[in-house]
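Trainee: 3D model of this:
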Amino acid sequence: MNIDVYPEAYINSTTDVSLTNTHNAILCRNILKKYENEILNNKEGCLFKLIFNEQLEENQTWTFVNYISCIEFTAPDNTGFISNMVFEDLSSKVYTCLKNVSIEPFYPPQATQITFDIKEELLKLSPDLKYSLESILTKKYKFLKIGQQISFFDNYITISELKPYEICLVNNTDVDVKLNIIKKNINNNLITESCQNKIETSNTSQSDSVDNSPSEKLTQQELRNKRIQALDKKKI
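Mentor: Purely as a prediction, here's the structure:
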């Protein structure tokens, strides 16, 4: 089905819900009614896939895709509210509302392995890295994506690999966690070494945070900027 999607500024100011820097969303009851059976029959939980087709020129359309987790079905009919972060990643232009956004349930598998890229200097920020990562994952995230950046003591660590899929739930699973420790040699060239830990995540109420792509790929913002540059060139 299709809905109109608004950024977080349009949420009723009387609510205490904050979507800032998350992949959480407030959706309408129409969506719950349409997909109720699918949602209830999936005990692991589900995400929602958003697809926005942006018409640039008469014969040119760009398709943007992102994923959200619903925390409430209280939005007005046929509408949804998402964070500014996700809203901006769904288009190359500046909009106040995205019209006719396709939304459908998405059922990723539970994660079995997560590989983090982490700078060596960040390791000393936590005496028990295993516990710190476990706490972050279980309290703040329902799902993870390859390239996603996780807030870590006012810094970020990046998810460089996920198994068995590029998007995975992390709300009720035992996860094999690997660390690619990024060092700098005397020539300031980056090198990595791997180490491994075991983390158990529990079935907890969770939210989702900042999302970017790994260093080997373009981040969402870099991709958006490239698209905007390509559009500007066409206008010249």
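Trainee: in the helix or strand hosting residue 87, which residues are buried?
Mentor: In this assignment (DSSP states H and E), residue 87 forms part of helix 84-89. For helix 84-89, burial by neighbour count (16 or more other CB atoms under 10 Å) applies to 85-89. For the C-beta atoms, the positions are set from N, CA and C on the backbone; glycine is no exception.
Trainee: same deal with stretch 9-21?
Mentor: For stretch 9-21, a neighbour-count test (16+ other CB under 10 Å) marks 11, 19, 21 as buried.
Trainee: now those residues in CSV, with secondary structure?
Mentor: Converted to CSV, those look like this (DSSP: H, G, I helix; E, B strand; the rest coil):
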residue, secondary structure
11, coil
19, coil
21, coil
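Trainee: JSON lines for these, including distance to residue 79 and pLDDT?
Mentor: Shown next, in JSON lines, are those (distance: CB to CB, whole Å; pLDDT from 0 to 100):
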{"residue": "11", "distance to residue 79": "11", "pLDDT": "90"}
{"residue": "19", "distance to residue 79": "14", "pLDDT": "92"}
{"residue": "21", "distance to residue 79": "21", "pLDDT": "87"}
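Trainee: and stretch 71-83, how far out from the chain middle?
Mentor: How far stretch 71-83 lies from its chain's middle: 18 Å, per CA atoms, centre = their mean, to the nearest Å.
Trainee: contacts for it?
Mentor: Outside stretch 71-83, the residues that touch it by CB atoms under 8 Å, 6 or more residues apart in numbering are 2-8, 10-11, 17, 19-32, 50, 68, 101, 103, 207.
Trainee: just the CA trace of whichever strand or helix holds residue 101, in CSV.
Mentor: In this structure, residue 101 is located in strand 98-106 according to DSSP H and E. In CSV, the C-alpha atoms belonging to strand 98-106 read as follows (Å, rounded to 0.1, in the frame of the first residue of the first chain):
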residue,chain,number,x,y,z
LEU,A,98,6.9,12.4,0.5
LYS,A,99,3.7,11.4,-1.4
ASN,A,100,2.8,7.9,-2.4
VAL,A,101,5.5,6.1,-0.5
SER,A,102,5.2,2.3,-0.9
ILE,A,103,5.2,0.5,2.5
GLU,A,104,5.2,-3.3,3.1
PRO,A,105,6.3,-5.6,5.8
PHE,A,106,9.9,-6.9,5.7
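Trainee: which residues does that strand contact?
Mentor: Applying CB under 8 Å, 6+ apart, the contact partners of strand 98-106 are 1-6, 27, 31, 35, 38-39, 42, 46-53, 67, 80, 87, 90-91, 167.
Trainee: buried subset of the residues you listed as a PyMOL selection?
Mentor: Paste this into PyMOL to select the buried members of the contacts of strand 98-106, with burial taken from 16+ other CB under 10 Å:
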select buried, resi 3+5+6+27+31+35+39+46+47+48+49+50+52+67+80+87+90+91+167
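Trainee: follow-up on the earlier one: adjacent strands (with direction) for the strand holding residue 101?
Mentor: Here strand 98-106 is paired, per DSSP bridges, with strand 2-7 (antiparallel), strand 47-57 (antiparallel).
Trainee: could you check how far the longest one is from the centre of its chain?
Mentor: For strand 47-57, the distance between its averaged C-alpha position and the chain's averaged C-alpha position is 16 Å (CA atoms, centre = their mean).
Trainee: excluding its backbone neighbours, what's nearest residue 107?
Mentor: Using CB to CB, 6 or more residues apart in numbering and skipping the chain neighbours, the partner closest in space to residue 107 is residue 46 (5.2 Å).
Trainee: my guess is the one you found contacts residue 38. True?
Mentor: Yes: using CB atoms under 8 Å, residue 46 is in contact with residue 38, at 7.3 Å.
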